[in-house]
Each structure stands twice: as C-alpha cells, then as structure tokens.
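here is a sequence together with a model predicted from it:
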Protein chains: 2
Amino acid sequence: MSDRLDAVLAHLDATHDAQIARLFDLLRIPSISTDPAHDNDVHAAAELCAAMLEDSGLKATVHTTSGHPMVVAHSNGPADGPHVLYYGHYDVQPPDPLDLWNAAPFEPVIVDTDGPARIVARGAADDKGQLMMFVEALRAWNEVGGGIPVRVTVLLEGEEESGSPSLDPFLAAHADELRCDVCVISDTGMWDPNTPAITTMLRGMVYLDVTLHGPSHDLHSGMFGGAVVNPLNELAKVLGDLHDSDGRITVDGFYDGVYEPSESQQQEWKNLGFDESAFLAEAGLDRSTGECGRSVLERIWSRPTLDINGITGGYGGAGAKTVIPAEASAKFSCRLVPGQDPDAIEAALRTHLQQHTPAGCRWTIESHGANPAIQVADESPWLEAAQYGLERIWNRRAVLVGCGGSIPVVGSFQEILGADSLLIGFGLDDDRVHSPNEKFNIDCYTGGARSHAAVVLALAEAGGA
Amino acid sequence: MSDRLDAVLAHLDATHDAQIARLFDLLRIPSISTDPAHDNDVHAAAELCAAMLEDSGLKATVHTTSGHPMVVAHSNGPADGPHVLYYGHYDVQPPDPLDLWNAAPFEPVIVDTDGPARIVARGAADDKGQLMMFVEALRAWNEVGGGIPVRVTVLLEGEEESGSPSLDPFLAAHADELRCDVCVISDTGMWDPNTPAITTMLRGMVYLDVTLHGPSHDLHSGMFGGAVVNPLNELAKVLGDLHDSDGRITVDGFYDGVYEPSESQQQEWKNLGFDESAFLAEAGLDRSTGECGRSVLERIWSRPTLDINGITGGYGGAGAKTVIPAEASAKFSCRLVPGQDPDAIEAALRTHLQQHTPAGCRWTIESHGANPAIQVADESPWLEAAQYGLERIWNRRAVLVGCGGSIPVVGSFQEILGADSLLIGFGLDDDRVHSPNEKFNIDCYTGGARSHAAVVLALAEAGGA
C-alpha cells in the first residue's frame, strides 16, 4: 500500500498549483449564508463543490433543503472495508468590517511577506481551504492511487455559519444513505505548524438575541431625560451584571453539572507547554482575562463563557444626537462544556433576564440555537488509525486537544447516524477566522492534503479493507 | 400709558388677518438650515424678515456670516430708557418624514377641526410664529402707540437648528451694537393654554463619544472566549455601573455644587399641579424612572442626568455571529444643572472612565461639546416687569418653570453681552416641534403678540423710560 500512497503524495505535490487554482475558484464566491442577499452565491458554491467532486471521481448530488443546499457525493470502495463520511462546509461568515481588510475578501491572494506564504480570503481556513484538502486527497487517490481505498461519502453543508437549521432534518431523512463507520471532520486546528492535532473536546453554545423595549418612541433627552427609563442605560446594567468580580457568570444554575477534566487530562494539557503569551499576542493582548483560578487552556477548552457579540441602540452616526431610544438590542452567546444542558442554560438565561427586567421595560428574546458540548472517546481503533496516518506525514504523534468553539455536526452525527467523529484539521490559531484578513498557510494546506491522503489509507487498513 | 397700550392691543386685534398673512409668507419659505440645498431659501427668509422689520419701523440689516445670515434691526427709544434685545430664529428643522404630514409642510393652513384653531406648517411654533409675535407687537406700537416705548434691537438667527456656529463670533464682533440691558427670547412654552410661563432654569450638557479598545482585531468567541477581554462585556459593565441602585450617578464629584431649588421654588412647582401621568403617556410609559426621592419636575428641571444615546459594537446584522469585537463604542451625555461646571464634569467623567479602564483595554474619548446650565435670577426688576405685563393680558401671574433642554443662546448673551434673558414663549407641549404636523394655536399666537406688546411697555416703565 505504501507505494500507492507514495504515488498519491507525489501527485499531490506535482499538482499543487492546480489545487490552489481550484480553491481560489471556490473562495471567489461570497457564499455568506446568514445574508439572504447572497442566497444565489451560496447556491453557486454548492454547485461548484459538486462539480469538483464529480471531477474527482465521486458521484455528487446537490440536494435542496428549506435553507441552503446539501452536497452529497459517494464513491464505492472495497465491499468489506469501512464506510467513511467526510464533512465540511462551503458557506462563510460575513466579511465585515470591510475597511479592515488589506485586500478584497472574495478576491483570494497569496501573501508571502511578513510571515509564511498564506492564502488570504474569507473562508480560506474556515472552511473552504479545509474541505478542499480532503477533496484533493480523494481526487489524487482516484487519479494515481488506483481508486479511493475505502467507501467514501462526502457531505458539504451551506449553513454552518448560520446555525445549520437544515442539517438534522437532512441527516434524519437520509440516514440510510449517510450511515457510516466513522466521520472525518476537517474544520479544526493543528497544535502548532509542525504538530498535528485531533480534537476530542468541543464546547457547545447557546445564542440569544434580546431587545429591551422602553418608551413607545425615541425621546428628546432634554425634555424627558432623568424621568423616564432609558433602555440603553438599563441594557448596559443588566449585561454588565452578568459577570461577578471573579469573572464567573451570575445566572442561577449556570455551572450546574459542569464537567471537570480528570487529573490525568489536566496533566496532559499542562505537558503541552502551551505558550500563553504567544496565544494572547495573536489577539494583540498582553494578559489573559476570565474566570479566576483557571489556566488559559482550561478557560478556552473546559470552562463555559458568556460573551456579548453585538449591541445596537440609539444613534450611531457621526457627531451627537440627544436621543433616548425606544429600544436597545444585544446579541450574546454562551460557550457550553460537557455536563451542561443547552436547553436548561437557555431557560436559565431567559429566567435571569425576566427576573431582572428594568421597571417600565419588557424584553423580546429570540434564540439562534442551542447545542451541547461534545466529548469524543480518546481511545478507539479509528483514532489510533488516524494517529498512524498523521505520523507518517508529520513524523510525530498528533496531540489530543480541546476546542473552544462549537462544531454541532459532531453531536448530530453521534445522535442521528450513531457515528463518532475524528476532528482532524489544519488551521492555526492566527488564521483570523471570522475576522478581517482571514488566512490559511500554504504549508498547512499541503500538509493537510497529504495527511488526508494518508489517513484515508490508515482507516481503510484499520477497517479491514 | 394704559391708553396707549389699549390702542396697541385693539390695533393687534383689528389687524389679525394681515398678521397671519405675513406669517404665512414667512412659513412658505423652506429655510432648512441643515440642508445646503436650501441655502437660497434661508437667505430669502432673512431678507423677508428684514423687510418686515423695516416695514414695522425698525432699521434692519442682513449681515453675512461664514454660515447663514444674521438679521439685526434697531429702533431708538427714549434716551433714558432701557435697551431691550429680542431674539428669535428664522430657520427650521427638516420636515422629514414627509409622508406623515397631513398637508405640505411649507404650505401653511389653518385647521380648526379636532381641536382649537391652529396654524399647521414647519416652523409655525419653532420659531417663525414666535418671532413674528414680537415683530407684530413692535409694529403695532409704531403704528398706533406713538412709537416703541424703549430702545429695541432685534436679532434673528438662521442657524439655530444647526448648532448656531456663527452666533458667538457674531455677538463678539458686534458686541457694542448689541449690548443691552435685558434680552427677550421667544422660543419656549406656556404652562398651559391659559397660563403664561417664564423659563428661569435650563439644563446644560456634556456629550462624550467613547470607544473601548481591546484585542487588536475581531476574535472568534469559540477560539478565544473566556480567556480574553471582550470590550462589549467590559463597556456594558462600565456603563451599567454609572448609576447606583438609587438612580444616582456614581462619578466622583458629579453632584459637587449642584444647586438645590429653594423651598419656595419647590413649593411653587408642587403647586403647579403637574400631570405626571399625562407627561409619561406622551412617552408611552406608565411610570417614571430616575433619581430616588425626586419628583418628575425636579428630575427634568433641576437634577443632572446621564443618558446613553447610542452603543455600537460587534455584529448588528440579522442572525448570529460569534465575534468578540476588537472595540465597542458609546455616545452618552449628561444634562447639567446650575452649580455644575461643564468642564469639571467632563474632566470627572474622563477620570472615572480612565480609573475604571478594564484590564487589557484602553479608551479613546472625544467630546461633542460642553455648555453650562442657565439660571435666570428669579427676582429682578426685569422679571417683575415681565410678570406685570403678562398679568395684564392673561389675568394671572406667569409661572416660573424649568426646561430640561438647552438653549445655548442664553449662555452666549450672558457671557458675551453680559445680559440676562427673559425666556417668554407661547408654545404648547403638543406643538410637535421638530415632528410632522407642527402647529401653533391661533390663541397662543394672538395672546403672545398681545403679551409682547404689554411686556415691552412694562420693561420701559421698569427701566425708567
């Protein structure tokens, strides 16, 4: 098998420029799933993905949903081998604020000054660059490896950045077609540029969009100021009181059942030699903030949070306007950890807001989804196979890490398809995902494509193919 | 003297239709000072005012400024009498939103259904109707009273609705010509349709525009949340803590020197029978909010405030975005009362913010101006004379009221001309100034013109003319 893999890896090296050109074609489509103005772009990205999968030797279908399309592609492998499901998403976050980009977000470029060569574009790392790595690995197996060594299904979603409303119904409706032995999800990061990582803990999320309503219309702050409720004053108060002076969240029941990582787990994290200063420097900060008595890794991997993601209210233009606004709004979200029930947390947040309703005001509260944290078994044949494949490429074992973000699809695969996931991704902490000037290092891309080529073979071997 | 006043009042009654026709001529000019497209209209309104003042027996000049023109008119009175300066403004607010007007905003009409007869047009109350009342009173004195009984200067501004940028420089440059014993400003309201009012307290203002900077760029709340500072969380905390649980502002020194109205003043306000429910109903509210232990009138007339006028930060679009923003901004303003030094308050606010800078953050702070509260002595020969004049017309004493808003020209007259102002106006709370369907009641207009005729005589007598 090793000769075939060598040929596949050599082919990946030889076709690098063509791979980057194909990725650029996908990056040029502003497939912003949260913005209805881009519905056609999201659809165009789905069609392009399907065409590239067909061109890679898979049989692809674009399925319509009540939201954005699902791309599903199949390739039959050895009858006695395992069935591997690959997942990625072709939609992206909005690029705002546009004025902070050094180049247009949907005109990808390779930049090689001030650091390693990298692709700069919205979606370069999250997740178009990552999904194209396994697509290209499968293409190379088809072109020079004698075919993909396992039965493969590829599932590409167009709603990941807008809460995946169609995913669970789609999985349920197509469970027979999608049922598999193991899933490979390429949407996470490496430990460092030379060390691959497999993510075994992921935080969940609850996201609320709240508006505090006060006067029936905007008021003049001279005529009314001091005697009437100001929703902006009150919203700031309620939101400002959501953390205590120790950085803990003040909502009743918020920490109920929170899982504390085992001693050995915590020791392993300590042994990673995490460079706190470098992590903070990525954010332009020189100190950490957060829950007292917790390390940075604990704070981002195993502790729940509450972050305000947006506040809107009153006058936001140039100069001064002396207005008391009729209402004020905020978006905020909690990252959840194993042991927290998302529905219970959402209910606790709603109860807290209602109990702290400022006199003369009322809330409207909208949910943008609630999903639990994920914990993947850290011992399994698939995990061991992935380790073996990664070690062939990187000459070192992958580290098992947590992830502060949410990848709800992992929970959906567990619940609906009954399959565990291998979270093998090649991003870096400084990729600026969701931010201006998002990038993906060329070395990460090429190492990632080679890794997927090796891992698919290792999975085939572990599954008896 | 009483015979002369009787003749003047009779003449005002007899020429009512001609007065309304002249006011309509002025209302037909869309003199919107904030909109450069209407520069010619603003100039035309200045010329018409000057012509009407000439026609009323004064010597009028239209002065150009770097902005809109100043109209100045003089009439010599008895050499030993006082010199009274009348102020009004001939510019108006934009009429938007146009679709909410029942008739064209610059085609004045008299409406007499569903309420008292009233002039409906942009500027009917603010301030063309109010300035024409004293112009017509002076005309009547000239035509049938044997001449205006005091030396008079009229100053009409065309930039009041756009921040009066030329006013202070003009006052300074023409101080010798404009210096006077007392100013009469006709731009405020009556207590109710049957009770005149003199405004003796006006709140000042400090307005700040602040931005809290944290991370160097927007961050993903999954990757970083819990371990890095979130400027929106922190801004909400700082702003939310600006009031204590008694509704008092927590900034050190904020209440230093705040003037407490005398017992008799407070008693007088209590006696006014202010309808709190009706006031709150105007705002669509059923209860008052604010500083503990203070009445609504105290809160809006004699207590300082801090209102957030706008907050901007993070994601404000549809749906969810899991961002920790690099920065968050707020606009907020304090209404100031007599005894507070605007510069000291601004400094105290800046000190407070700096002292409460969240770890890992920094502020940028911009000022949008600071002006002091105004207190007109509530005992003076001029005030007493105005009371006397008003009582002759309305058969009751004017009530002395506060005003929650700012009329900066009062401070300019005090500082630059060294003259106190009498704020005698005839608007009503339901005049919809700055809003669609602005109106001015006919009874207010005729009572106001008669009042100015009586007050100018009373001022002459008080000043020894």
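Okay, I see it. Owing to the predicted nature of the structure, the values given are computational and were not obtained by experimental measurement. Residues are numbered from 1 along each chain as shown, chains lettered A, B, ... in the order given.

and A:Pro95, what does it touch?
A:Pro95 makes contacts with A:Pro30, A:Ile32, A:Trp101, A:Pro105, A:Phe106, A:Arg122, A:Pro436, as judged by CB atoms under 8 Å, 6 or more residues apart in numbering or on different chains. Yep, even glycine has a C-beta here, placed from its N, CA and C like the rest.

around the fifth one, how many other residues sit close by?
Think A:Phe106. Neighbour count of A:Phe106, defined by other CB atoms under 10 Å in any protein chain shown: 18.

so it makes contact with A:Ala124?
No: when contacts are counted by CB atoms under 8 Å, A:Phe106 is not listed as touching A:Ala124 (10.7 Å).

in stretch A:291-311, what counts as buried?
A:291, A:294-311 (16 or more other CB atoms under 10 Å in any protein chain shown).

next step: these restricted to strands.
Among the buried residues of stretch A:291-311, the members found in strands (DSSP state E) are A:Asp307, A:Ile308, A:Asn309, A:Gly310, A:Ile311.

so which of the residues you listed are also by chain B?
Contacts with chain B within these, counted by CB under 8 Å from any CB of the partner chain: A:Asp307, A:Ile308, A:Asn309, A:Gly310, A:Ile311.

beta partners for the second one?
The residues listed as beta-bridge partners of A:Ile308 by DSSP bridges are A:Phe332.

residue contacts, it?
So A:Ile308 contacts A:Leu239, A:Ala330, A:Lys331, A:Phe332, B:Asn230, B:Leu232, B:Asn233, B:Ala236, B:Gly313, B:Gly314 (CB under 8 Å, 6+ apart).

report the angle between the host helix or strand of the first one and helix B:231-240.
If you go by DSSP states H and E, A:Leu239 is part of helix A:231-240. Note on geometry: by axes from the mean of the first three to the mean of the last three CA atoms, to 10 degrees, helix A:231-240 and helix B:231-240 are set 120 degrees apart in direction.

close to chain B, is stretch A:371-384?
No: using CB under 8 Å from any CB, stretch A:371-384 stays clear of chain B, with a minimum separation of 11.2 Å.

that stretch: which residues count as buried?
Residues of stretch A:371-384 classed as buried by neighbour count (16+ other CB under 10 Å): A:Asn371, A:Pro372, A:Ala373, A:Ile374, A:Gln375, A:Val376, A:Trp382, A:Leu383.

which non-adjacent residue is nearest the first one?
The reference is to A:Asn371. Nearest residue to A:Asn371 in three dimensions, chain neighbours excluded: A:Pro408, at 4.1 Å (CB to CB, 6 or more residues apart in numbering or on different chains).

could you check how many residues crowd around that neighbour?
With other CB under 10 Å as criterion, A:Pro408 counts 21.

need phi/psi at it.
For A:Pro408, the backbone dihedrals (degrees, to the nearest 10) come out as phi -60, psi -30.

reduced to three states, what does the residue of the stretch 101-250 of chain A found nearest chain B come out as?
Going by CB to the nearest CB, chain B is nearest to A:Ser216 of the stretch 101-250 of chain A, at 2.4 Å. The three-state label given to A:Ser216 by DSSP: H, G, I helix; E, B strand; the rest coil is coil.

all set, thanks.
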